[in-house]
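Visitor: Show me the folded form of this:
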Amino acid sequence: MTPPAWWTEARFGLFIHWGVYAVPAGMYRDRHVAGASEWLMHSAQIPIAEYKTYAAGFTASAYDPEAWVRAALDAGMGYVIIGAKHHDGFALFETKVTDWNAKDATPAARDVLRPLVEACRRQGLPIGFYYSQAQDWINGGANYAGCWDPAQERDFDDYLDSIAIPQIRELLSQYGPGVPACLWWDTPAKMTPPRAARVNDAVQAMTPGILQNDRLGEDHPGHFDTPEQRIPANRPGRPWETCMTTNESWGFNLLDNDWKPPGLLIRQLCEVVSQGGNYLLNVGPRADGTIPEPTLDALATIGAWMRVNGVSIRGATAGPFPHRLPWGFATTRDNDLYLLVEKWPADGRLSVPLLDLPDSASLVATPDVPLTFDSVTEGAFVLQLPSEAPDPAVSVMKLCYTVAPRLGAVPPRPRAPVVPQPADGAVVLRAGDAEIIGDHLALHAGSTPELGCWTSLDSWPLWRLNLHRAGTYRIEVEYAVPRHRQGTLAEVELGDQQLPLIVAGTGGWGEYVRAEVGVMTLNPNAELPVRLVPKSIPVGAVMNLRAIHITPTAA
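Guide: Below you'll find the model as predicted:
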């Protein structure tokens with residue numbers, strides 16, 4: 001199944017998580033609950049009757065859908081996906097199936113999806129709906145992690161036939177032609193092939209061929225894959241879209257101020273498109289409908305970059321290079337090549353691993369000023385750049401070709417650097433120095449880099465340590481994980497020795513501890529391989545990792 005042209009050409013979309021969970025905003029009984037705020041009811045095990053009282057604070061009093069759409073368009077985005085119903089079962093739309101919705105249960109007293117749909121329609125912006133088909137903590141029957149309130153007990157098939165499928169039919173029928181442009185499913189536990197087929201049959205009967213993601217259920221791959229909070233290390237074989245947050249939570253979280261720098265978001269956008277993917281960037285509005293200012297500032301900064309360099313993103317496809325190059329990324333548009341340079345060469349010489357010279361080359365920011373280049377030597381040519389980068393995040397060059405260029409001598413994926421042992425013997429193996437093995441682990445850059453989005457046994461970090469001092473060392477792991485995600489079993493491996501680690505909860509994804517794993521006797525080794533390898537992941541995620549500390553013990 002091939003996604004429609006509007007989705008492929010857009011490359012950049014807005015994800016919106018808005019609901020009753022924006023009222024407590026990650027707080028429960030005057031304490032902050034670790035984890036994403038939209039999971040608060042689950043994380044704090046809040047009874048249904050108590051959770052429903054939060055609806056009184058969902059006012060939407062400052063909700064301005066036109067402003068939301070302007071923010072998306074000004075950022076250079078090409079579509080919107082909004083959560084019509086998340087796992088707490090609360091519907092933003094008018095529904096006859098249940099009164100747990102914005103019109104009947106809140107002071108907003110209206111279908112809050114409709115004005116956003118109309119604002120998008122006026123601007124020609126496709127809008128799709130996220131719908132949690134397999135989890136519903138209020139309407140019951142769909143709690144794959146178990147129930148904590150007797151009122152949640154319900155047969156799953158009854159929930160599917162009485163709640164989910166009727167609401168999906170409402171979403172497909174009440175907003176006019178072309179809406180929704182996409183159905184974005186989530187957490188398909190319990191969605192066996194017959195159940196997924198029941199839902200899909202209902203969808204196809206009303207909107208044949210509608211764009212769907214890969215999370216409906218078993219045997220239903222949809223049109224595109226959805227890696228979450230990570231960029232795959234290897235280019236996926238199917239259309240794909242990665243969704244990411246601007247801080248750490250999807251919904252509005254009062255105490256989550258870990259905002260990602262706009263430059264990082266721009267670099268993520270570039271890397272995703274360079275590998276042929278779409279980038280779906282999330283915002284979590286407050287209960288009154290306002291979007292947090294740091295998010296708006298980030299969108300404005302991305303928009304300023306896109307107004308200059310958007311030609312390398314919108315309508316572009318994957319570049320010819322199979323992975324990130326030492327200086328950055330590349331995208332293709334027709335036969336032209338766009339070089340998206342993250343690391344500006346100090347000497348102004350950019351090596352481009354292609355066998356064919358371009359007809360011309362220029363910075364996208366200054367198209368009338370040509371760049372010079374030399375002849376092809378050893379599978380690459382050198383592009384001569386100005387002394388300073390025109391953009392602090394990513395600068396873009398356009399190489400014009402009549403015929404698509406042939407690939408040259410592409411440098412291998414960067415190998416982990418060898419970390420030297422300091423004079424005092426105490427080693428810190430930091431996240432930024434690791435080589436990532438596998439596709440389900442990602443480096444989050446920032447003031448203190450960390451490894452995260454770690455969701456699979458087939459992925460781990462690797463360091464190479466130049467250990468010159470024999471002795472006994474204390475091994476510690478600096479990590480963070482919410483308590484509801486604890487329980488991973490892992491091993492710290494130094495050469496052919498291992499130490500077991502049981503990952504205990506620290507309080508949250510950003511609440512780091514330095515946990516001692518054990519003591520190990522080590523001999524000098526010019527390139528001692530050090531790994532942290534998961535062996536069992538019972539709760540879907542390993543940890544966020546900052547460093548491994550290897551410290552000599554007292555004599």
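Visitor: Quick one: the helices in the stretch 251-400 of the chain, in order.
Guide: Per DSSP state H, counting those that start in this stretch, the stretch 251-400 of the chain carries helices over the ranges 262-274, 293-309.
Visitor: The stretch 51-200 of the chain now?
Guide: For the stretch 51-200 of the chain, the helices defined by DSSP H, counting those that start in this stretch occupy 65-74, 102-105, 113-123, 156-159, 165-173, 193-206.
Visitor: Mind checking those for the one nearest to Asp256?
Guide: helix 65-74 (19.6 Å; C-beta to C-beta). Where C-beta positions appear, they are placed from N, C-alpha and C, glycine not excepted.
Visitor: What angle do helix 113-123 and the closest one make with each other?
Guide: Calculated by axes from the mean of the first three to the mean of the last three C-alpha atoms, to 10 degrees, helix 65-74 forms an angle of 50 degrees with helix 113-123.
Visitor: Give me the helices and strands touching helix 65-74, please.
Guide: Other helices and strands packing on helix 65-74, by 3 or more C-beta pairs under 8 Å, 6 or more residues apart in numbering; DSSP states H and E, are strand 12-16, strand 79-85, helix 113-123, helix 293-309.
Visitor: quick revisit: please name whichever of the helices of the stretch 51-200 of the chain is nearest to Gly505.
Guide: Comparing the helices of the stretch 51-200 of the chain by C-beta to C-beta, helix 156-159 comes nearest, at 28.7 Å.
Visitor: Output the helices of the stretch 51-200 of the chain in a markdown table; the columns should cover mean pLDDT.
Guide: Output for the helices of the stretch 51-200 of the chain, formatted as a markdown table (pLDDT from 0 to 100):
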| stretch | mean pLDDT |
| --- | --- |
| helix 65-74 | 98 |
| helix 102-105 | 98 |
| helix 113-123 | 98 |
| helix 156-159 | 94 |
| helix 165-173 | 98 |
| helix 193-206 | 97 |
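Visitor: could you measure the spatially closest residue to Glu388 that is not a sequence neighbour against Ala25, distance?
Guide: Distances taken as C-beta to C-beta, 6 or more residues apart in numbering place Trp344 nearest to Glu388, at 7.4 Å, with adjacent residues excluded. Distance, Trp344 to Ala25, using C-beta to C-beta, to the nearest Å: 40 Å.
Visitor: can you check Val403 too?
Guide: Computed as C-beta to C-beta, the Val403 to Ala25 distance reads 55 Å.
Visitor: try Ala470
Guide: Using C-beta to C-beta, one gets 53 Å for the distance from Ala470 to Ala25.
Visitor: Compare the two (neighbour count), which wins?
Guide: With neighbours defined as other C-beta atoms under 10 Å, Ala470 and Ala25 compare such that Ala25 has more, 21 against 11.
Visitor: and the more buried one, what does it touch?
Guide: Neighbouring residues of Ala25 by C-beta atoms under 8 Å, 6 or more residues apart in numbering: Ser37, Gly251, Phe252, Asn253, Leu254, Arg286, Ala287.
Visitor: which residues touch the strand or helix carrying Met41?
Guide: Using DSSP states H and E, Met41 sits in helix 40-43. The contact list for helix 40-43 (C-beta under 8 Å, 6+ apart) reads 21, 24, 26, 28, 33-35, 46, 51, 87-88, 137, 145, 482, 484.
Visitor: at 6 Å instead, please
Guide: For helix 40-43, the external contacting residues (C-beta atoms under 6 Å, 6 or more residues apart in numbering) are Tyr21, Pro24, Val33, Gly35, Tyr51, Asp88, Trp137, His484.
Visitor: same check, this time on stretch 273-293
Guide: With C-beta under 6 Å, 6+ apart, stretch 273-293 has contacts from 11-13, 15-18, 22-23, 57-63, 235, 240-245, 250-252, 269, 272, 295, 313, 316, 318-319, 329-331.
Visitor: Bridged to the residue nearest to Leu269 when sequence neighbours are not counted, which residues?
Guide: When the adjacent residues along the chain are set aside, Leu269 lies closest to Tyr279, with 4.7 Å between them (C-beta to C-beta, 6+ apart). Beta-bridge partners of Tyr279, counted by DSSP bridges, are Phe12, Thr242.
Visitor: ok, so what distance separates Tyr279 from Ala10?
Guide: 10 Å.
Visitor: who has more neighbours, those two?
Guide: Taking other C-beta under 10 Å, Tyr279 and Ala10 do not tie; Tyr279 has more neighbours (23 against 20).
Visitor: tell me the pLDDT at the closest residue in space to Trp259 that isn't next to it in sequence?
Guide: Among residues not flanking Trp259 along the chain, Pro294 sits closest, at 4.4 Å (C-beta to C-beta, 6+ apart). You'll see Pro294 listed with a pLDDT of 96.
Visitor: burial of Pro294, as a residue count?
Guide: Neighbour count for Pro294, taken as other C-beta under 10 Å: 14.
Visitor: Please apply the same query to Asp439.
Guide: Counted by other C-beta under 10 Å, the residues lying close to Asp439 total 18.
Visitor: cool, and Ala442?
Guide: Going by other C-beta under 10 Å, the residues that sit close to Ala442 add up to 23.
Visitor: Repeat that for Pro392.
Guide: Pro392 has 12 neighbours, counted by other C-beta under 10 Å.
Visitor: Give the closest residue to it in space, chain neighbours not counted.
Guide: Leaving aside its sequence neighbours, Pro392 sits nearest to Gly263 (C-beta to C-beta, 6+ apart; 6.3 Å).
Visitor: Could you measure from the residue nearest to Leu269 over to Ile313?
Guide: Per C-beta to C-beta, Tyr279 is found 9 Å from Ile313.
Visitor: now Thr317, which residues is it bridged with?
Guide: When assigned by DSSP bridges, Thr317 has beta-bridge partners Thr332.
Visitor: surely it meets Thr332?
Guide: Yes - counting by C-beta atoms under 6 Å, Thr317 does reach Thr332; the two are 5.0 Å apart.
Visitor: of the two, who's got more company?
Guide: Each of Thr317 and Thr332 has its neighbours counted (other C-beta under 10 Å); Thr332 has more, 20 against 14.
Visitor: Verify the contact between the more buried one and Phe321 for me.
Guide: No - Thr332 is not in contact with Phe321 according to C-beta under 6 Å; the separation is 10.2 Å.
Visitor: where do the contact lists of the two overlap?
Guide: What both Thr332 and Phe321 touch, as defined by C-beta under 6 Å, 6+ apart, is an empty set.
Visitor: Which residue ranges make up the domains of this protein?
Guide: With domains defined by automatic domain parsing, the chain comprises 5-312, 319-400, 418-552.
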